[in-house]
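Enquirer: Make a model of this:
(chains A, B, C and D)
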Number of protein chains: 4
Amino acid sequence: MSNTIGDNLKLTLFGESHGDYIGATLDGITPGLKIDYDYIKDLMSKRKPKSYETGRYEEDSIEFISGIFNGFTTGEPITVLIKNNNTHSKDYELLKDTPRPSHADFTKFIFSDGYADYRGGGHASARLTAPIVALGGIILKALEDKGIVITSYIKSIGDIEAPSLGIDPTKEELDKLNEMDFPVLGDKKDEMESLIEKVKEDSDSIGGVIETVAIGLKAGLGSPYFNSVESKISEAMFSIPGVKGIEFGLGFNFSKSLGSQANDSYYLKNNEVKTKTNNNGGINGGLTNSMPLVFRLAMRPTASIFKPLDTVNLKEMKDVTINLTGRHDPCIVRRASVIVRSLTAFVIADMLMEEEGRRALK
Amino acid sequence: MSNTIGDNLKLTLFGESHGDYIGATLDGITPGLKIDYDYIKDLMSKRKPKSYETGRYEEDSIEFISGIFNGFTTGEPITVLIKNNNTHSKDYELLKDTPRPSHADFTKFIFSDGYADYRGGGHASARLTAPIVALGGIILKALEDKGIVITSYIKSIGDIEAPSLGIDPTKEELDKLNEMDFPVLGDKKDEMESLIEKVKEDSDSIGGVIETVAIGLKAGLGSPYFNSVESKISEAMFSIPGVKGIEFGLGFNFSKSLGSQANDSYYLKNNEVKTKTNNNGGINGGLTNSMPLVFRLAMRPTASIFKPLDTVNLKEMKDVTINLTGRHDPCIVRRASVIVRSLTAFVIADMLMEEEGRRALK
Amino acid sequence: MSNTIGDNLKLTLFGESHGDYIGATLDGITPGLKIDYDYIKDLMSKRKPKSYETGRYEEDSIEFISGIFNGFTTGEPITVLIKNNNTHSKDYELLKDTPRPSHADFTKFIFSDGYADYRGGGHASARLTAPIVALGGIILKALEDKGIVITSYIKSIGDIEAPSLGIDPTKEELDKLNEMDFPVLGDKKDEMESLIEKVKEDSDSIGGVIETVAIGLKAGLGSPYFNSVESKISEAMFSIPGVKGIEFGLGFNFSKSLGSQANDSYYLKNNEVKTKTNNNGGINGGLTNSMPLVFRLAMRPTASIFKPLDTVNLKEMKDVTINLTGRHDPCIVRRASVIVRSLTAFVIADMLMEEEGRRALK
Amino acid sequence: MSNTIGDNLKLTLFGESHGDYIGATLDGITPGLKIDYDYIKDLMSKRKPKSYETGRYEEDSIEFISGIFNGFTTGEPITVLIKNNNTHSKDYELLKDTPRPSHADFTKFIFSDGYADYRGGGHASARLTAPIVALGGIILKALEDKGIVITSYIKSIGDIEAPSLGIDPTKEELDKLNEMDFPVLGDKKDEMESLIEKVKEDSDSIGGVIETVAIGLKAGLGSPYFNSVESKISEAMFSIPGVKGIEFGLGFNFSKSLGSQANDSYYLKNNEVKTKTNNNGGINGGLTNSMPLVFRLAMRPTASIFKPLDTVNLKEMKDVTINLTGRHDPCIVRRASVIVRSLTAFVIADMLMEEEGRRALK
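Expert: Numbers count the residues shown, from 1 in each chain, chains lettered A, B, ... in the order given. Purely as a prediction, here's the structure:
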């Protein structure tokens, strides 16, 4: 029942795909952070569709209507609004009573007792991730100023797999990925883009995997049990439409491993405790251990495809076959990567606040 | 900073492995639920170690010290205590300054500024899952009385994979799994137990995968965005020590799928909307769709193994090699399955409460 | 650090007095509630200033930008925006470094490390209560449709005291108060308005007391201990600028009473359990008892007055005397009453949701 | 539905008056705080009844069963248990179906659908405040070590009123009050105790007022709107059985004041911003202003008196008159003062944590 995430730093989403505005409110922010509008604009541009993605191009001109004064955060809630201009609501009238398979149409119909705004997926639309990125730009920049850098890049599209960052990547390596429009390591970019274009021609869609790496985190962040780093990150990530799996470090490969293979031995490096391997993705016992935080997300192929789809007419209660019109991404992995990066920043900032706050009685 | 999970039904954990008691408090429970002590006892017995698992055998006699009156819930907080009897604290003195690799010892040392109770993993010990199971028995039983049945069974140990339940399993199939001490489908039980015994002889440990299936859920449970069903379940599951990955439905296999393969078509079955396949594990757009809820967890091999382990002496700040004594499971998959099932029940109950509560203004 | 209130039904505020918009988001609302725009408009008009109050007249044209579709709530977050048109920011430049006594100027300066938006009180301005009233209209109407009616009326202005509703008031009596622009019982209206005008002429301000009565509440709402009805209502009420005291039932008069005078005896009325007196304001042990909920709020005289005010120049760090310009209410009691009524509706709705949700496991 | 309070530092209560144990869990505590057992013991002794109060004398030997290791907090949840020894459950059998007027008996009966533990008030008993005091001792001591001192003393019993602390009290003045068994300023102690004894002889009870003063708070603590200092303190205080009103600074006297009388002018004192008066009780705009925090609580006379009481038999649904047996305080003001002081410490600690945490991104 809640569109809010975070314990100390709270993010609240609102809006529908075809309403006047979508937006988000960020509450609990540190006062005195300088807003870097170019940074935010650049981040937003990474989420914009390319020619082979959705035909819906939104200018996404963002308005910060509160919480910023003279270019700095005030510590009061920051609300960002993004106007919906390019809505083709007529494309969706057909779907009013015939939910698209594997979309939120049917479940939202039940959730809302039939009152949901079905146009363009309504509140469930991935369009609502745009304000997350706009606000994410404030957090990502503040973290970078503290030496914490986060990247989210394409690990695979369909069967095409790209390399990962090494065990101890540099800030420069992460920055380079963050500058790319199609963030991928190695030489698989062309092959991946070709696959996406081919899938599009076939009126189909394709899934993929996004890998995220964060460096510069001190040890001891996170909490015991129910607020483990994994708990907080996964809670946030599964709010991104299309995410259906998450794994930290070796993840599902742990299940086939022996303890002697999977353990990360400690050693001293420049008098700091580090691990020789990073199979656990920078987390032990739910807390950061100062090694890079590493996790991967499984992304579903887009549900909206242009092949005949079997579904049900909810009004007439009979089986029907529909053909979608409208504008849809054949692959959301590239665009989702910047959303993942932004949301990761919120979770890390929230944990930093908790960690500082906890010491207050000393 | 919080050992509490849940929005409507709240579960709070406390205690350390070698303290006087471990325990948990459940707040927000429906009044008038009958406590089935045999059900709870049976559930607790599933979490107990077998001969090839840990040598620490705890009687786990549970005391409900509040919230139950004349055998029924009162609606007030239920606190359960479990006494720690069989503590071998001396086994852990050695480890005071030398954290075990891939354990919480080091990260808790930093988290606590050096004040953590290091004995037996302290608060990070998997022993704290015992009260979760004790309270889980109350919830599981209440859900079953409403037609919601949950099972968590072994999908794989190391490379040995067992079959899954079908797309539309019966209550009887789930009940049968829930009665097993070693819940697994097909004929792999002996092979799996042999592998665990062999790994134990090698002073090693092994990982595995747990699959969970819940039936009887109505459509429309869950919430948009930050409280998606996947968000709430993953947040809970990653609090279980050793869980490093989660996937819903096809999960990571989605990343290699086309939309035309992955979509679940709707159709009418006895005038109810169902899906022909269940690739999405019963969840669309973060909400249940009335199909079985299906997810899998990747479990790490136990970090405590009896081979020489490279670590650091935090007091003398030098690299050292240690040899563990004490009692440790070579594989936690079997015992963890009942914890997963119990925690799943909390999350589902919490969502049911939210769903009922939301209608209150009509 | 949080601008959000409510456990099930959540209200989040954002905006500054002189920003582009102020607004609020309501999350967790029941789907399918019909929006009565006339009801909302009428409620908003009650908050508008009269000739003897502030010179700042805002059109307060409200925009609901999400969560409403075809005139009904969808169950998704409802965000309301109100544009700030009539800002006289220049009036406040003087005050940048010289905080007004008993205002939030100084404390916000410290809170924000000097980055606060000081114009017109910024985020601390009572203007932020406008969106509370706009959203309150949705809740109040839904409650009325369920037989729950709330009124907040003027109990006193300065030394002038008006009568209270009786122990068992009718819906008609409450409705009548809710229709008044200056909601007061008895014949003290003219006297009170004269006092306010006189105080205004004296460049001064005056306080008062608001009494709230809610009827139609079933018994058993609320929670033990930390979420008592009194806890939840007082938490909400003290967010209204100028509220400095709250009392339930006899309130501070309890402190001078004997138990034999203060106890409310039970008796049967039409086979329902009622109390003969209602000294406890409809609450026993933190839970409603089905009698009218009754509480009173002490309102401070407005801090902004047009007499010379002693304060400190924070930049030059010296004592100074300032003279305010700008527009200020000499008495906020009348306008605050509709805010109190609206916020009371949120708290009651939140408790109803909790109460329904809690039964979900039966 | 929640027995938990606090955003950063969380306090959860459990237990019933006649159960095996009552207890509480404190989560989010700073690690490395030294436990001063004498301090706690002394604090607990202040809550114990005197000869003229309840006949129920509980040894209140407290057991900290988690979160403390080698005499220091570990940062993990601290659970305290207090055994119920001196229960006279038989005294309450009579009351099973006949709720005591102005007690929680009837409302809990409805809340629990008839399943409540009615013995001694069950979960609603003031006995549950004992663990609050036990844990409060940890927080109060930590705050004192940081220069923050809190006192809660008797302002009035019935019509007998005692003086208040001055505008700028010293630590020594507060300490002196904190050492008293019957904390009151001036010479009214004997008169007040005589009144209580007289009321007891009359089989009656009497109310009073508790004043709380906290010094050493920096400016800028608290939050805008819904988490104002007043909101957080009142939310906590109304969980104490018998509290029916709260006022900050002038409180209800504000309602009769002119702005020119009520405003607190700023001035510089040793180059720090202070106010000449403290009518606002140390709070402006919901945030602390570094002046002493001052609030008063109205306490009801105890509902349990030994005169014939009119009530209803819920089983037979008829009006009846009952006579209470058992043990009851004729006045709870003195004993409640130490509970108020303890709970105030939690709220202040919670705000300090928030304030520190919020700066974490700088």
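Enquirer: quick one: pLDDT of residue A:119?
Expert: Listed pLDDT for residue A:119 reads 89.
Enquirer: Leaving out the residues flanking it, which one is nearest to it?
Expert: In this structure, residue A:119 finds its nearest non-sequential neighbour in residue A:18, 3.9 Å apart by CB to CB, 6 or more residues apart in numbering or on different chains. Placement of C-beta: from N, CA and C, glycine included.
Enquirer: Where does pLDDT dip in chain A?
Expert: Along chain A, the model assigns pLDDT under 70 to residues A:1, A:54-59, A:86-92, A:327.
Enquirer: Next, please give the residue ranges for the helices of it.
Expert: A:37-47, A:105-111, A:129-145, A:171-179, A:189-201, A:229-237, A:259-262, A:333-358 (DSSP state H).
Enquirer: hmm, the longest one touching chain B?
Expert: Think helix A:333-358. Yes: using CB under 8 Å from any CB of the partner chain, helix A:333-358 comes into contact with chain B via A:354, A:357-358.
Enquirer: Next, the angle helix A:37-47 makes with that helix.
Expert: On the basis of axes from the mean of the first three to the mean of the last three CA atoms, to 10 degrees, helix A:333-358 is oriented at 140 degrees to helix A:37-47.
Enquirer: just checking, what packs against helix A:333-358?
Expert: helix A:37-47, helix A:129-145, strand A:149-157, strand A:208-215, helix A:229-237, strand A:293-299, helix D:333-358 (3 or more CB pairs under 8 Å, 6 or more residues apart in numbering or on different chains; DSSP states H and E).
Enquirer: Count the neighbours of the residue of the stretch 1-150 of chain A found nearest chain D for me.
Expert: As assessed by CB to the nearest CB, chain D sits closest to residue A:30 within the stretch 1-150 of chain A, at 3.9 Å. Look at residue A:30: counted by other CB atoms under 10 Å in any protein chain shown, it has 23 neighbours.
Enquirer: What about it? Give its phi and psi, please.
Expert: Reported as degrees, to the nearest 10, the phi and psi values for residue A:30 are phi -60, psi 130.
Enquirer: In TSV, list the helices and strands packed on helix A:333-358 along with mean neighbour count.
Expert: Formatted as TSV, those follow (neighbours: other CB atoms under 10 Å in any protein chain shown):
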stretch	mean neighbour count
helix A:37-47	17
helix A:129-145	24
strand A:149-157	25
strand A:208-215	25
helix A:229-237	27
strand A:293-299	27
helix D:333-358	25
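Enquirer: Out of these, which gets nearest to residue B:117?
Expert: When the helices and strands packed on helix A:333-358 are compared by CB to CB, helix A:229-237 sits nearest residue B:117, at 20.8 Å.
Enquirer: can you tell if the closest one touches chain D?
Expert: No: Helix A:229-237 is not in contact with chain D by CB under 8 Å from any CB; minimum separation 14.9 Å.
Enquirer: how big is the angle separating that helix from strand A:208-215?
Expert: Using the same axes, to 10 degrees: helix A:229-237 against strand A:208-215 is 130 degrees.
Enquirer: thinking again about what came up before, am I right that the residue nearest to residue A:119 is in contact with residue A:123?
Expert: No: using CB atoms under 8 Å, residue A:18 is not in contact with residue A:123, being 10.5 Å away.
Enquirer: the more surrounded of the two?
Expert: With neighbours defined as other CB under 10 Å, residue A:18 and residue A:123 compare such that residue A:123 has more, 30 against 22.
Enquirer: contacting residues around residue A:71?
Expert: Residues near residue A:71 by CB atoms under 8 Å, 6 or more residues apart in numbering or on different chains: A:34-35.
Enquirer: Try it again at 6 Å.
Expert: Neighbouring residues of residue A:71 by CB atoms under 6 Å, 6 or more residues apart in numbering or on different chains: residue A:35.
Enquirer: Next up, phi/psi of the one residue in the stretch 151-300 of chain A that gets nearest to chain D, please.
Expert: Proximity of the stretch 151-300 of chain A to chain D (CB to the nearest CB) peaks at residue A:224, 6.2 Å away. Main-chain torsions, residue A:224, degrees, to the nearest 10: phi -70, psi 150.
Enquirer: sorry, back to before: nearest approach to residue A:12 belongs to which of the helices and strands packed on helix A:333-358?
Expert: Nearest of those (CB to CB): helix A:129-145, 9.8 Å.
Enquirer: Residues of chain A that sit close to chain D?
Expert: By the rule CB under 6 Å from any CB of the partner chain, the part of chain A lying against chain D is A:8, A:30, A:142, A:349, A:352-353, A:356-362.
Enquirer: hmm, 7 Å instead?
Expert: Residues of chain A lying close to chain D by CB under 7 Å from any CB of the partner chain are A:8, A:28, A:30, A:32-33, A:75-76, A:142, A:224, A:349, A:352-354, A:356-362.
Enquirer: Can you list the neighbours in contact with stretch A:32-52?
Expert: By CB atoms under 7 Å, 6 or more residues apart in numbering or on different chains, the residues outside stretch A:32-52 that reach it are A:57, A:60, A:62, A:68, A:71-73, A:130, A:133-134, A:136-138, A:141-142, A:181, A:196-197, A:200, A:329-330, A:335, A:338-339, C:113, C:115, D:361-362.
Enquirer: Enumerate every residue touching the residue nearest to residue A:226 when sequence neighbours are not counted.
Expert: Using CB to CB, 6+ apart and skipping the chain neighbours, the partner closest in space to residue A:226 is residue B:5 (3.9 Å). The contact partners of residue B:5, taken as CB under 7 Å, 6+ apart, are A:226, B:11, B:235-236, B:239.
Enquirer: ok, now residue A:290?
Expert: Residue A:290 makes contacts with A:217-219, as judged by CB under 7 Å, 6+ apart.
Enquirer: now the residues you listed: which count as buried?
Expert: Listed as buried from these are A:217, A:219; burial here means 16 or more other CB atoms under 10 Å in any protein chain shown.
Enquirer: Tell me if I'm right that residue A:151 and residue A:341 touch.
Expert: Yes: if you go by CB atoms under 7 Å, residue A:151 and residue A:341 touch, sitting 6.5 Å apart.
Enquirer: Overlap of the contact sets of those two?
Expert: By CB under 7 Å, 6+ apart, the residues touching both residue A:151 and residue A:341 are residue A:212.
Enquirer: restrict the contacts of residue A:290 to contacts with chain B.
Expert: Subset of these in contact with chain B: residue A:219, counting by CB under 7 Å from any CB.
Enquirer: Can you get me a residue count around the nearest residue to residue A:154 once chain neighbours are set aside?
Expert: Distances taken as CB to CB, 6+ apart put residue A:184 closest to residue A:154, at 4.4 Å, once the chain neighbours are dropped. Residues near residue A:184, counting by other CB under 10 Å, number 24.
Enquirer: Please list all residues in contact with residue A:184.
Expert: Applying CB under 7 Å, 6+ apart, we find residue A:184 in contact with A:153-154, A:162, A:192.
Enquirer: which among those gets closest to residue D:245?
Expert: Closest approach between those and residue D:245, by CB to CB: residue A:153, at 59.3 Å.
Enquirer: isn't that closest one right up against residue A:183?
Expert: Yes: the pair residue A:153 and residue A:183 qualifies as a contact (CB under 7 Å) at a distance of 4.0 Å.
Enquirer: who's in contact with the closest residue to chain C within the stretch 151-300 of chain A?
Expert: Residue nearest to chain C within the stretch 151-300 of chain A: residue A:239 (13.7 Å; CB to the nearest CB). Applying CB under 7 Å, 6+ apart, we find residue A:239 in contact with A:5, B:225-226, B:228, B:231.
Enquirer: This completes my enquiry, with thanks.
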